[in-house]
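S.K.: Need a 3D model of the sequence below.
(one chain, ligands or ions: 2)
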Amino acid sequence: MRYISTRGQAPVLSFGEAMLTGLARDGGLYVPETVPVMTADEIAALAGLSYEEVAFRVMRPFTGDTFTEAELKGAIARAYAGFGHAARAPLKQLAPNHFLLELFHGPTLAFKDFAMQVIGQLFQIELAKQGRRITIVGATSGDTGSAAIEAFRGLDNVDVFILFPHGRVSEVQRRQMTTPIEGNVHALAVDGDFDDCQGKLKDMFNDFAFRDEVGLAGVNSINFARVLAQIVYFFTSAVALGAPHRKVSFTVPTGNFGDIFAGFLAKEMGLPVERLVIATNQNDILDRCLKAGDYTKHGVTPSISPSMDIEVSSNFERALFWAYGKDGAAIAELMDELKTRGTFTVSANAMAHLRDTYDSGSVGEARTLEVIGETLKETGELVCPHSAVGVGVAAGAIERDPGTPMVTLATAHPAKFPDAVEEATGLRPALPPRMADLFERPERVTRVANDLAALEALIRKERRA
Ligand SMILES: Cc1ncc(COP(=O)(O)O)c(C=O)c1O
Ligand SMILES: N[C@@H](CCOP(=O)(O)O)C(=O)O
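M.R.: Ligands and ions are numbered 1, 2, ... in the order given. Predicted coordinates for the structure are as follows:
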C-alpha cells in the first residue's frame with residue numbers, strides 16, 4: 001500500500017512512513033493511492049464481531065507491511081481497553097429511522113479518542129523499532145489536544161506541544177489539556193483562533209530546517225492514520241443497522257472534515273452509504289461551499305460548539321483531491337488561492353462529484369440550544385452542542401429521504417460543554433467520577449503570540465533533546 005500527497009509533489013511513502021511524516025513535504029496531505037475494497041460478504045461477516053475485531057479487519061488492508069498482524073491486533077486491543085462502554089461506539093435510537101452513534105466513551109470524552117488511542121500505540125511500536133524520538137505538535141479547537149495528551153503523556157521518546165486558541169475552548173477542554181502533570185506535555189494558549197493554530201502548525205511542517213531538527217510529527221487529522229481509525233465506526237454502526245443489505249446515511253458534525261472524510265472512505269471501501277451529510281454550526285463555510293460552489297472565508301465567529309469553529313477545513317483538501325480526479329496540481333493551485341486570496345471556486349465537475357456524495361446544512365446558536373432541549377424532551381438523551389448541530393441538520397436530511405436509516409454522530413460528551421447544556425435544559429451534566437476533581441487540579445499553560453518564530457523558539461527550548 002502506497003501513500004501519495006494531495007498536491008502530487010512529495011515522495012510516495014509506506015503507511016508507517018506516512019504516519020510518522022505527518023504533512024507531506026509539498027504541503028499536501030497523504031492519502032492511499034488506492035482504497036482497498038471489502039466485498040459484500042466480507043462486510044456481512046462483520047456482524048456480531050467485537051469493535052476491536054472490526055477495527056482490525058477494516059484497518060489491516062491500509063497498513064501494508066508496517067505492522068505484523070499481532071502488532072496491529074495488540075495495538076487495537078490496548079487502545080480500546082480503557083473505554084467506558086463494552087460496545088465502544090454504542091448506537092441509541094432517537095426515532096424510528098434516526099440513530100445516535102455515541103463516540104464519547106473514551107478517556108477524554110470525545111470521538112478523537114477512537115483514533116488517538118490507536119495511533120498512540122502504533123507510534124510507540126514504530127518508534128521503538130526505529131530507535132527514534134519525536135516532537136509532536138498539534139493544533140486543537142478543544143478535543144484533539146486533550147486526546148493527544150492522554151495518548152502520549154509520560155512517554156520518554158515523545159514531547160507533545162498542543163496549540164489551542166486562547167479563550168476559545170470550553171473550561172473542561174482547557175483543563176483537560178492544562179492539568180496533566182507529565183513533563184513531556186505542554187499546553188500552549190495561542191492569541192488567535194483555531195485556524196491560526198493549524199496554520200502555524202502547517203508552517204512548522206513547511207519549515208524543513210525546524211521540522212528535521214526537532215523530529216516534528218503530527219497527530220491532527222493531517223495524519224492519515226487518524227482518519228483511518230475513524231473509518232471503523234461507520235462500519236460497526238452501518239452493519240448493526242443491516243449493511244451490506246441495507247443502505248445507511250450519516251450526518252456528521254463537521255469542522256476539519258476528518259470525520260466525514262473517514263465516512264467517505266468507508267463508502268469507497270464498499271459500505272453502502274446513501275448520503276454523507278455535513279453539519280456545520282454558524283461557521284458554515286462548508287455548507288456554503290456545497291450550496292454555492294465557492295469556498296470563501298468570512299472570518300470565524302466563536303460559538304457554543306467551539307470545536308467546530310473552523311474555516312480552513314484541512315481535510316476538505318482530501319475530498320477535493322477525489323473530486324478533481326486526483327489531480328495534485330489542481331489542488332495545489334486551489335490551496336494557494338485560499339492562502340493568498342481567502343477564496344477559491346470549485347469547478348462544475350468537481351462540485352457534481354462532491355454533491356454526488358455529500359449533502360450539507362448548518363444550525364445557528366439559538367437553534368442548537370433548542371435542539372438540545374427538544375432532544376432531551378423527546379428522547380431522554382442529553383447531547384453536546386456539536387452533536388446537537390448534527391441532530392438539527394439530520395432532521396432535514398431525514399425529511400428528504402425518510403426511507404433510509406440516518407446515523408448522527410454524537411462527537412462529544414455533554415459534560416464537556418456544561419454551560420450550553422444547562423442553558424438549554426436546566427441540567428448540568430456531571431463529569432465521570434475519575435474526572436470529578438478536574439476543577440481543583442492546578443493548571444500549567446504558556447500563553448504565546450500567534451507568531452511562528454516565537455512558537456518554534458519555545459518548542460526548541462522546552463523539548464527534551
Ligand atoms: C466535538 C467535536 N465535534 C465535531 C468535530 C468536527 O470533526 P472534524 O474536524 O473531523 O470535522 C470536532 C473537531 O474536530 C469536535 O471536537
Ligand atoms: N475539532 C478539532 C480540530 C482539529 O481536528 P483534527 O481532527 O484535525 O485533529 C479539535 O477538537 O481539536
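S.K.: tell me the contacts of the nearest residue to S141 once chain neighbours are set aside?
M.R.: Of all residues not flanking S141 in the chain, F194 sits nearest, at 4.0 Å (Cβ to Cβ, 6 or more residues apart in numbering). C-betas here are computed from N, CA, C, even on glycine. Contact analysis of F194 by Cβ atoms under 8 Å, 6 or more residues apart in numbering lists 139-141, 164-165, 168, 255, 300, 309-310.
S.K.: which among these are in contact with ligand 2?
M.R.: Filtering the contacts of F194 for proximity to ligand 2 by Cβ under 6 Å from any ligand atom leaves 140-141, 255.
S.K.: ok, and which of the residues you listed reach ligand 1?
M.R.: Within the ones next to ligand 2 among the contacts of F194, those near ligand 1 by Cβ under 6 Å from any ligand atom are G255.
S.K.: Any chance of JSON lines for the ones next to ligand 2 among the contacts of F194, columns secondary structure?
M.R.: Listed next are these as JSON lines, based on DSSP: H, G, I helix; E, B strand; the rest coil:
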{"residue": "T140", "secondary structure": "coil"}
{"residue": "S141", "secondary structure": "coil"}
{"residue": "G255", "secondary structure": "coil"}
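S.K.: May I see the ones next to ligand 2 among the contacts of F194 arranged in JSON lines, with neighbour count as well?
M.R.: As requested, the ones next to ligand 2 among the contacts of F194 are exported to JSON lines (neighbours: other Cβ atoms under 10 Å):
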{"residue": "T140", "neighbour count": "28"}
{"residue": "S141", "neighbour count": "25"}
{"residue": "G255", "neighbour count": "28"}
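S.K.: For the ones next to ligand 2 among the contacts of F194, give me TSV that also has pLDDT.
M.R.: TSV is the format used below for the ones next to ligand 2 among the contacts of F194 (pLDDT from 0 to 100):
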residue	pLDDT
T140	98
S141	97
G255	98
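S.K.: Direction included, what does the one helix or strand L101 maps to pair up with?
M.R.: Assigned by DSSP states H and E, L101 falls within strand 98-102. The strands beside strand 98-102 in its sheet (DSSP bridges) come out as strand 91-95 (antiparallel), strand 406-410 (parallel).
S.K.: Looking at those strands, spot the one closest to ligand 1.
M.R.: Among the strands paired with strand 98-102, the nearest to ligand 1 by Cβ to the nearest ligand atom is strand 406-410 (7.7 Å).
S.K.: The closest one vs ligand 1: in contact?
M.R.: No. Shown here: strand 406-410 not in contact with ligand 1 (Cβ under 6 Å from any ligand atom), separated by at least 7.7 Å.
S.K.: Any idea how far that strand is from the middle of the chain?
M.R.: 15 Å (Cα atoms, centre = their mean, to the nearest Å).
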